[in-house]
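Asker: Below are the sequence and a predicted model for it; my questions follow.
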Amino acid sequence: RMETDCNPMELPNTTGFEEDSDYRDFEGTDVKDMRLEAEAVVNDVLFAVSNMFVSKTLPCAEDVAYINVETRERNRYCLELTEAGLRVVAYDFDQTDDRLQTPYHETVYSLLDSLSPAYREVFGNALLQRLEALKKESQS
């Protein structure tokens, strides 16, 4: 059985949005929504990739945010997050390539599953660990 680097059950629930000065600019506007959605996406799967963060270079808007991700295979992507879902818009951080016609994925799990075999393995192992923990709880 493969061990994961991080136990998702031990991940903190606090994200610290309030303290981050980048978010204060958006107080009282709807622009905050897609950026917060992007932060939630990052926090959900960060344990299963090498690096992942919301782009501070590309503009966030009410309807779009950009997420940089580096897989455990060391491949870099820039993802676009919209109401339609997530898709790869470039093969490097903080870039967009209008010529790329990549499909939208409903979830970050589906997108990363298609890009990174190592993500799939780490995420699957984390899921198994969580299921085993739940099984032990129900038996005690």
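Answerer: Good, I have the coordinates.

Asker: Okay, and Phe53 sits in which element?
Answerer: Per DSSP states H and E, Phe53 falls inside strand 51-54.

Asker: and the spatially closest residue to Asn51 that is not a sequence neighbour, how many neighbours?
Answerer: What sits nearest to Asn51 in space, not counting adjacent residues and going by Cβ to Cβ, 6 or more residues apart in numbering, is Glu70, at 4.1 Å. For the C-beta atoms, the positions are set from N, CA and C on the backbone; glycine is no exception. Residues within reach of Glu70, counting by other Cβ atoms under 10 Å, total 17.

Asker: Contacts only, for Glu70.
Answerer: By Cβ atoms under 8 Å, 6 or more residues apart in numbering, the contact set of Glu70 is Val49, Ser50, Asn51, Met52, Arg76, Tyr77, Phe93.

Asker: one more time with 6 Å
Answerer: Contacts for Glu70 (Cβ atoms under 6 Å, 6 or more residues apart in numbering) come out as Ser50, Asn51, Arg76.
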